[in-house]
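# Here is the input, now give the coordinates:
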Amino acid sequence: MWDWFDDLFVGPSSFDIDVTRPVAPACDIEETDTHFVLCLDMPGIPKEDIAIHMSGNQLTVEGERSETKGAEASRYRSERYASFRRSFTLPAGVDTDRVEANYKNGVLEIAIPKGESAKTRRIKIGGEAAEREKITATKERAA
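Just a heads-up that it's a prediction; the model follows:
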């Protein structure tokens, strides 16, 4: 008897995907007044299989989705099991010593605090003649 399900997974088909492509989790990056926040989707990956490294201004997240033991006999293809590595170059002025990470419900959230020089601040706009004279005098002393 012909089993269409078996034929679906044997040989080339329109369902073939390039499994040689590196797998990288989707990532959203948000900037607040005090932090840069990265959220990476990693459903099904245990926290123990994820590593985060800092080297200079380079943040690297790597991990592996492992194969379930004992399920090999009934599996036709294995495409969900792979390792990944994703790197991010951080902007100048972040505090790399205070980076924090949390993992909940398959989402890894990494909070990177901004240093004082990188934080958003409001600049007062002057308009009085006295203020303009003070700015001009400061420029002249600097020259």
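
# Could you tell me how many residues sit around the residue nearest to Asn57 when sequence neighbours are not counted?
Counting by Cβ to Cβ, 6 or more residues apart in numbering, Leu90 is the residue found nearest to Asn57 once chain neighbours are left out, at 4.6 Å. Where C-beta positions appear, they are placed from N, C-alpha and C, glycine not excepted. Number of residues near Leu90 (other Cβ atoms under 10 Å) recorded here: 17.

# Local confidence estimate at Leu90?
In this prediction, Leu90 carries a pLDDT score of 89.

# Would you quantify the distance from it to Gly63?
As judged by Cβ to Cβ, to the nearest Å, Leu90 and Gly63 stand 19 Å apart.

# thinking again about what came up before, which residues does the residue nearest to Asn57 contact?
Leu90 makes contacts with Phe36, Asn57, Gln58, Leu59, Thr96, Ile112, as judged by Cβ atoms under 8 Å, 6 or more residues apart in numbering.

# Neighbour count and distance to Met42 for these - can I get that in a markdown table?
Listed next are the contacts of Leu90 as a markdown table, based on neighbours: other Cβ atoms under 10 Å; distance: Cβ to Cβ, whole Å:
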| residue | neighbour count | distance to Met42 |
| --- | --- | --- |
| Phe36 | 20 | 19 |
| Asn57 | 13 | 23 |
| Gln58 | 12 | 20 |
| Leu59 | 22 | 15 |
| Thr96 | 15 | 22 |
| Ile112 | 22 | 18 |
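
# Now, those that are in strands?
Within those, residues falling in strands by DSSP state E are Phe36, Gln58, Leu59, Ile112.

# Among those, which one lies nearest to Ser83?
Closest to Ser83 out of the ones in strands among the contacts of Leu90 is Leu59 (17.6 Å), distances taken as Cβ to Cβ.

# Provide the partner residues of that closest one in its beta bridges.
When assigned by DSSP bridges, Leu59 has beta-bridge partners Met54, Phe88.

# was I right about it contacting Phe88?
Yes: if you go by Cβ atoms under 8 Å, Leu59 and Phe88 touch, sitting 4.7 Å apart.

# Having no further points to raise, I will conclude here.
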